Every structure is written in C-alpha cells, then in structure tokens.
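> I need the structure of the sequence given here:
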Amino acid sequence: MKKSILALAVTVLAGAFFVSCSTSESSTSESSTAMVRDSLVLTAIPFELEGETSVDNFKLHWNEVNWKSENESSKSSYFILYENQNGKWVYAEEKSTRRKMKGTTYDVYDLGTNSRTYKVEAYNSSGSLIAVSNSYTCKPFTDETTDIFDNTKQSLVNKPNDEIFFNGKYWRYIYNRTADNAVSYEEQYSETGLPDDLWESNGIVISGNPADFEDGKNDPRYCEYLSAEYNDGNGCKLESTSWQVKGSNVISWSHYENGINYSLSQVICIYGTPGTGLFQARSAPYQPQGNASRDLISFVDSDGKCYILGSTSTQRCYRLKDNWLDIDDSFEGVITSTASREAPCIRKVDGWYYLFSSESAGWYPTQGTYQSASSLLELKDATMNPMGNRATFGAQSGQIDKMGNSYYMLANRWSQGWNLGGTPEYTETLGTSGIRFAQRMLPISFKGGYAFYDYFPQVKYNYSNGQVIGVQKGKLLSLNCLTNATDAAEGYPSSYAVDGISYAENPESPSWSSANYYCPAEEAAYELVVILDKPALIKQVDVTFRNVNGSEPASGYLIQVSNNNKDYTTLADRSTNYIIGFNENILPNSEQKYKFIKISVNYMRDVTHNTTTWWARGIHEVSIYGYDD
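Residues are numbered from 1 along each chain as shown. Coordinates of the predicted model:
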C-alpha cells in the first residue's frame, strides 16, 4: 500500500480548516540513538532570479548561538561569513564594514556552473570566537520544473493527493457542515490523485444529518455526535483533522467543538475502509486524559507507534493504542510546551523530530516557531526557536510537505492576512461564513536539529523529480545598508530594520520582549530611509511592521524613491493599508534607478478595536529587491 509523507485536501466551511496530514517517514537514524546538536550549522535554500532558468543563487542560513562563559551567558553578537577560494578561506562580504553581520542569512548570486563552499563563524560581544559551522557547498543545477505556486494569489500544489491509496485508487474525504451545524463527510476517489483532475463521489460515508439517508437516523452511517441536536441543540464542528492509514482502515482524528463556540476542547476519532461507503465514530467526543485539546495533529513514528498532539494553553502529546483508535492511558500525555500554541505539525528528518507551531492569535498572521529533539519524548525539554518572519510572511505556521528530498511549509493565510480595508487579493469565498483562505509555499531546509524557511513571490516545482525552487524578484539590496531615520527609541536603532532579522528573538514573548525592530522615539508619523550602495532598479519592497498580538496594529504608509534624498517620487501608496505585520509590495517595471528608498508611515490603527496605536510603532525589517548592475 502506498502512503505519502503529507498531502493536502482542504475544505474551509464556517471557519474550520482541514488538512490531510500523514507525517510518518523513514529515517536512517533510530529515535533511541543519542544525537548531538552542533552549536552552529550552515545550510542553504536554492533559488533563481525572475526570468532565469539556471538555479545558481543560494540563500545561506545559519542559527543563533547561545554561549556561556565564566562570567556571562548570551547569544552570539555577530557572525563572519567565509568563502573558500582555491583552498583558502576569504571574506564572503567584500565591504569590511559589513563583515560583522548581526543577521543569520546572506544571499550568494550568479555562481554559473561553479560550486562554491562557505562556512560561518560566531563571535561574542568581546570579539572572541565561540563557534564555527560546518562547511556547506552550493551546487548550481538546471531548472526542470513544470509547475508554479504563486504566493501572491490563491494557489494549489499540483501533486497527487496520495496519502490514501487503496485498491488502486486515491481517496479523499470532503467535510461538509449544514447551516444548523450538522457535519458529514463525502468520500471521493480518483485515478490520478491530482487536485484538478476528476474526483468521483462515493457518497456520504458518515453524517449527523438524517436527510442525507433514505432511512434517516436508522441508517448505519448516521452519527448522533455529528448531528444538529447534539450539544444541547448547538450541533458541532470539526477542525484540524488529520488522516492516517492502518491496514484496511483510514483513521481520522479531529478537534471537536459545539457549533457556536470553542468551549468543549475535545477530540473525536472517525474511521472506516475506503470504498465501503460506511464510516463510524469510535466513541463520543472527549478530552484526552481529561485535558482540553484544540488544534490537533496525528503522527506515526518510524517504530509504528501513533501519537496525537493537541494545543490549548499547553501542548500535550498522547500515544495511541496499537489500533490507533484509542488513547493509551498507560502513557501519560507529555507536555511539549506550556505556551499557548496553534497549528502543530511534527516531522522527523534525518533522525531529528521537529515540532512546528504558531502563536495563538485567532485568524491573524503570527510568528512561527519550531522545537527539535533526537527523540519524541525529549521535545518536552526542547527550546522554542523563532524562524522566518514575525508574521510568517503574512500567514500562520502550517504543515510541512515534501517532493523528493525538497521540503516546504504550506503556511495558512486567512482573510485577516490580507487587506480588509480594500479589495482582497484572494476573491474565492469558501464556505457559508465568507472566510477566505489560501496558503503560502515556503521552501524549507533542515540541518542537524535546525530549520529555516524563506518567502518568494513564486515557487517553481516538479513533483516527479522533487525540485522546489524559489523565484526572487531581483537581488536583496538592502541588507546591512545605511539608514536615515527619525531618532530611535532607546535600544531600537534603525539598523535593526536592515540587519536581516525579521522575527522577534524571544518567541515566548515576541510582542513585548527586547525584540529586534526599529522604533522611532516619538509616537507620531515617521520615516525610514534606506540608502542603497548605488542606484538600482527597484522590483519589490517588503516591510515587516511590528505586530502586537491582541491589538494587531496596521500601518498606513508610502514607498517613495529619490536620488538626492530631497525630491521623492511615490512608487506605492499604502495609506489605507490594513494588513498587519508582513507587507509585500511588487512594484511596476521601471527603467529608472534610485538610491534612496523611503518608508513613510502616516497612520497606525488597531484593526481589532479600530483605535489609534502609535504606541505599537516599529519595523522589524525592510527588504528591497532589484538590480544595481
């Protein structure tokens, strides 16, 4: 029987997100083997520049380093990147003023057909070397992709939904919910498993709506727990559904709630054999081991044991019995985090277990994090690491998928992740509630217990050969550039906005901690000017504004350009912007080059409470893409 690592089958109705998710995969390393994490690792994500077909550009990534000495402990103060030239290590950054990098990423371009090898060193605030990474060789290759995932609009990954392959067919289960909160699943099958191909219906396999069956409630497919009358007449809804295959059974575990709020925090197991037309609930919904459980994921380890992990104010991992239908109460649920988290996803890569999750902030973009350990149980003591971007590039942490040896995250972008004050980018309405939903495809790299992902406007891919290639609209010009800004609040200089760090450094408290962002001193309109090394064609300007959960401040702003820092031309008017956090701005083509790029912020508004929020001002990062040659 064929099973995939992960497959996507999404239906959004009345605010519920369902993802078909199987996260078991083989590994050359046994989970019982003790593995040592290096203090500093270097890896890279390949990409190409727009209009090219040669993949000879690489986005290098390395991790923050925690260090201790006899008198102090801290994170690394700066890094130096080296390139190997004819057996000799030389500075990768040409300008001496930029050799000491605060950030943990750097782009290398135009390698042609030649491979290049890099390493990075970490230093403390006293200038002492504290860690040296592995060497990493960037190897260019030819783009042989066939499909494009467009992150600027609603897209689907064109790959077989092959998680459930049984008796020569691909199977999927479509969630439906009536106006009075009765729930059902429709079974569909396909010869190819591709999302856009024909999927035949095999009818309703389980339902709480008697009208779905000729014999009404007497039909064996009728389930009272899914009915409109259940929960004192409030009905129900299922969320965070994941599917696993065991023998001839397909087994789903879901977060179960009544139809009107989130007061139950229960789980339910539904199972059956594909093609039989009959599914059933294992039992009434319940809280596992008496603990509240909302966002849910199931995970099959390489030893065949199955687990579910649920998130509320804590995250707990529960082992299932060998039938995968019941909680194994002889195994006490392991708390993997005491923070309030959402959207958990577990992957095992090269012997390391990675647990991804998001902050809890409703439908708004949040910061994603990951924990890693060499065994599943060790996740309870694993550090929570920030990754990517303060607002997950306008989305929330999602599931991890794979093509060949290439991984990517499908980050969830809800309606609050785009402009509520204007015309939404994504116009397709899913479900009766009018919630709009899309995903962003973020190429991801794993290395020795560390994980990194990136945002590109487009991602090219090929399911058959496993290629996943980001497409960038020009070179990153703003990294470590000089700035000209209004006075910064103490400890929040404008240099933070171009240092390559666009996440909050403390994932436990990203809104209020000593996070890495520029903050002007005055609670009023402000400007930030990025001074490029030389005039350049500007293709894209991304701005990650400070994001405070619960207030969700959006900034109205202009993107303006000049060559003398006096006479400015407006390239993009975002004065009525209501997008919090990450704002990407793809600009019209122009042959005019500019040296000074100004972000002029003219208002700030709490999109939740519709109040002015200058107190929450700040910019995590400005990323300017284009060509200066």
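
> how close does the residue of the chain positioned farthest from its centre get to R177?
For the chain, the C-alpha farthest from the mean C-alpha position belongs to D215; by Cα atoms, centre = their mean, that distance is 44.8 Å. Computed as Cβ to Cβ, to the nearest Å, the D215 to R177 distance reads 22 Å. Heads up, the C-betas are built off the backbone N, CA and C, glycines and all.

> pLDDT below threshold where in this protein?
Residue ranges of the chain with pLDDT under 70: 1-34, 68-73, 162, 415-416, 418-436, 512-514.

> show me where it has helices.
230-233 (DSSP state H).

> Check it for its longest strand and report it.
strand 526-545 (DSSP state E).

> What strands flank that strand, and is each parallel or antiparallel?
strand 482-485 (antiparallel), strand 582-586 (antiparallel), strand 594-606 (antiparallel), strand 619-627 (antiparallel) (DSSP bridges).

> Show me the one of those that comes nearest V132.
strand 619-627 (26.8 Å; Cβ to Cβ).

> Would you mark the buried spots in the longest strand of the chain?
For strand 526-545, the neighbour count (16 or more other Cβ atoms under 10 Å) marks 526-530, 532, 536-545 as buried.

> Could you identify the most distant pair in those?
Y526 and L537 (26.7 Å).

> of all the strands paired with strand 526-545, which lies closest to N564?
Taking the strands paired with strand 526-545 one by one with Cβ to Cβ, strand 594-606 is closest: 7.6 Å.

> Please point out which parts of the closest one sit buried.
Buried, per 16+ other Cβ under 10 Å, within strand 594-606: 594-601, 604-606.

> Taking the residues you listed together, which two end up most distant?
The largest separation in those, counting by Cβ to Cβ, is between K595 and D606 at 35.1 Å.

> Report the contact partners of N209.
When contacts are counted by Cβ atoms under 8 Å, 6 or more residues apart in numbering, N209 touches 178, 182-184, 226-228.

> Run a quick neighbour tally on the residue lying closest to it once chain neighbours are set aside.
Beyond its immediate neighbours in the sequence, the residue positioned closest to N209 (Cβ to Cβ, 6 or more residues apart in numbering) is A182, lying 4.0 Å away. Counted with other Cβ atoms under 10 Å, the neighbours of A182 add up to 23.

> From G233, how far off is A182?
Plainly put, A182 is 11 Å away from G233 if you go by Cβ to Cβ.

> State the distance from L194 to L42.
37 Å.

> Likewise for P457?
Relative to L42, P457 is positioned 26 Å away (Cβ to Cβ).

> and the two? which has more neighbours close in?
Per other Cβ under 10 Å, whichever of P457 and L42 has more neighbours is L42, with 23 against 19.

> what's the closest non-adjacent residue to the more buried one?
Per Cβ to Cβ, 6+ apart, closest to L42 is S133, 4.0 Å.

> Show me the strands in the stretch 101-250 of the chain, by range?
105-108, 116-123, 129-132, 136-138, 141-142, 147-150, 165-166, 169-177, 183-190, 200-208, 222-227, 236-246, 249-258 (DSSP state E, counting those that start in this stretch).

> What pairs with the third one, parallel or antiparallel?
In its sheet, strand 129-132 lies beside strand 116-123 (antiparallel), with partners assigned from DSSP bridges.
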